[in-house]
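Visitor: Can you look at this prediction? I've put the sequence above it.
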Amino acid sequence: MNFSDFIGKQRKSEPRAVLMMRIIIIIIISSCLIAYIAILINDVNREIPAIKTSKVPVDSLSIPDVLISFDHPFHIYCTFVWNINGYYSRNDSESCMQYITQPIYVGKTYTGYFSLNDQSQNFTPMKSDEEYFESLAIVVIIDDPNFIYKPSFSSVPFAIIFDSENNPIKLSDGTLDLSKTNLSIDENEILINNAFVLADRMFTLVNFTKHKKLSIIPNWISDIGLSFKHKESLYVNTKFVQGVFVAESEHLSGIKVKPETFINYIETEQISITYLGIIGVIGGESSIHPWGFIQFYCCGIKPKTQSKLRESLSILPLTESSLHSTTNEISMEERLRALEILLREYVIDVEYLQRIENTNRKVVTQNKN
C-alpha cells in the first residue's frame with residue numbers, strides 16, 4: 001500500500017474503527033519522524049568534530065621560542081649544538097646569543113627568552129658524514145645568592161615552549177609582548193601543556209613535535225554541509241626528560257631543545273552530521289530505487305520519471321504487458337534494446353566501462369607495434 005493510499009479519506013467499505021486506527025498510526029509515525037529530525041538537528045549543533053591526522057615528512061624544522069620566568073634575578077646563556085654522525089662536533093654560542101633577550105622585570109617576575117626572528121637557523125636531520133644542527137642548549141644562572149631551591153612554580157624558574165611561527169605573544173619585529181594576558185582557550189591550553197619547571201643542577205631535555213591544526217570555522221554553510229572553511233594554527237607538542245646537570249653551583253639549570261622527529265602532523269577537523277545529510281536520510285539513498293519521501297511527494301518527480309520512461313521505451317523490460325496482444329508480440333531484439341537503455345541510463349556507468357575499453361585498445365595497439 002502506498003503512503004497516499006494509507007492517509008486517504010475513509011473508503012465506503014471501511015469500518016470507522018479502521019479509519020480511527022489509521023489516523024492514530026499517522027499521528028504516531030509523524031511524531032516519531034519529527035522527533036527523529038529534531039534529534040538529528042540537535043546532533044548537528046552539538047557534534048564534536050573528529051580529528052583526522054596525517055603525517056608529512058620535512059627536511060627542516062624551525063627552532064621553537066623558549067620563554068623563562070622567575071621571581072628572582074637571573075641571566076641566560078645559550079648555544080647551538082652541532083653534531084656529525086650522531087656525535088658532538090661543536091658549539092656556536094656567538095650565533096645563539098644574538099637571539100637571547102635577557103630578563104626584564106615585568107609583573108612581579110623576571111622574564112627572558114630565546115626567539116629566532118627569522119629562519120636563518122633550523123633543525124636538520126642527521127646525514128652521513130655531514131655536520132647538522134642537533135639541538136639548542138640554554139643555561140639559566142640565578143643571580144640571587146640567597147636563593148633556596150623549592151620544587152614549585154613559584155620558587156624555581158619555569159619555562160614555556162612556543163611554536164616560533166605561531167607564538168601568541170610574538171610581535172612583528174620578533175620580540176615578545178610579555179604583558180599580554182588575553183589569550184584564547186586553545187592558546188592557554190597549549191601554554192599549559194608546554195610549561196615545565198627547571199630543577200636545580202638538572203638539565204631538562206625537551207623533545208618536540210610540530211603540529212598544524214585545521215579547525216572548522218562554525219557557520220551556517222558548514223552546518224548545511226555545502227563547504228567547510230578551516231582556520232589554521234601551528235603549535236608544538238613537547239615531552240620532557242630530566243637528566244643530571246654536572247655543576248658545583250646550586251644556582252644553575254639547563255634546557256636542551258631538539259626535535260623528536262622530522263614530521264609535520266596535520267590535524268584536520270571533520271564533521272559527519274549535516275543538514276544535507278538529514279535530507280538524504282529522509283529522501284532515500286538506494287541507487288536502484290532512489291525514492292524517499294521527498295522524491296515521491298515533491299515537485300512531481302515520480303510522475304515525470306514514469307512518463308519519461310513510457311515515452312522512451314517501447315516496452316518496460318522484465319515485465320509482461322497486457323497492452324500488447326498475443327498476435328503482435330514484442331520481438332526479443334526490442335526487449336533487449338529496451339533493457340540496454342534502462343541499464344545504460346539508470347544502473348551501469350557506461351562511461352567508466354568505455355574508459356576501460358579504450359585502455360585495452362591502447363595496450364593491444366602498443367603490443368602490435
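Guide: That came through fine.

Visitor: Can you give the distance from the lengthiest strand in the chain to the centre of its chain?
Guide: With secondary structure taken from DSSP state E, the chain has its longest strand at strand 252-270. On the basis of Cα atoms, centre = their mean, to the nearest Å, strand 252-270 is displaced by 18 Å from the centre of the chain it belongs to.

Visitor: Flag every buried residue along that strand.
Guide: 252-259, 262-264, 266, 268-269 (16 or more other Cβ atoms under 10 Å). From N, CA and C alone the C-beta is placed, and that goes for glycine too.

Visitor: One more: stretch 94-110?
Guide: So stretch 94-110, judged by 16+ other Cβ under 10 Å, has buried residues Cys96, Tyr99, Ile100, Thr101, Pro103, Thr109, Tyr110.

Visitor: Can you say which two of these are spatially most distant?
Guide: Using Cβ to Cβ, the buried residues of stretch 94-110 span at most 23.6 Å, a distance reached by Cys96 and Thr109.

Visitor: Would you mind putting the buried residues of strand 252-270 into a markdown table with pLDDT alongside?
Guide: Compiled in a markdown table, the buried residues of strand 252-270 are given as follows (pLDDT from 0 to 100):
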| residue | pLDDT |
| --- | --- |
| Leu252 | 79 |
| Ser253 | 82 |
| Gly254 | 85 |
| Ile255 | 88 |
| Lys256 | 90 |
| Val257 | 91 |
| Lys258 | 91 |
| Pro259 | 91 |
| Phe262 | 90 |
| Ile263 | 90 |
| Asn264 | 90 |
| Ile266 | 91 |
| Thr268 | 88 |
| Glu269 | 85 |
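
Visitor: ok, back up a step: so which of the buried residues of stretch 94-110 sit within helices?
Guide: Within these, residues falling in helices by DSSP state H are Cys96.

Visitor: quick one: which of the buried residues of stretch 94-110 is nearest to Ile169?
Guide: Nearest to Ile169 among the buried residues of stretch 94-110 is Thr101, at 12.4 Å by Cβ to Cβ.

Visitor: can you give me the strands for the chain?
Guide: 50-57, 61-62, 65-70, 74-84, 87-92, 100-106, 109-114, 122-123, 131-142, 158-162, 195-197, 202-216, 230-244, 252-270.

Visitor: Reformat those as a markdown table; add distance to Ser30.
Guide: Compiled in a markdown table, the strands of the chain are given as follows (distance: least, Cβ to Cβ, whole Å):
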| stretch | distance to Ser30 |
| --- | --- |
| strand 50-57 | 33 |
| strand 61-62 | 59 |
| strand 65-70 | 60 |
| strand 74-84 | 71 |
| strand 87-92 | 76 |
| strand 100-106 | 65 |
| strand 109-114 | 64 |
| strand 122-123 | 63 |
| strand 131-142 | 67 |
| strand 158-162 | 56 |
| strand 195-197 | 56 |
| strand 202-216 | 34 |
| strand 230-244 | 39 |
| strand 252-270 | 33 |
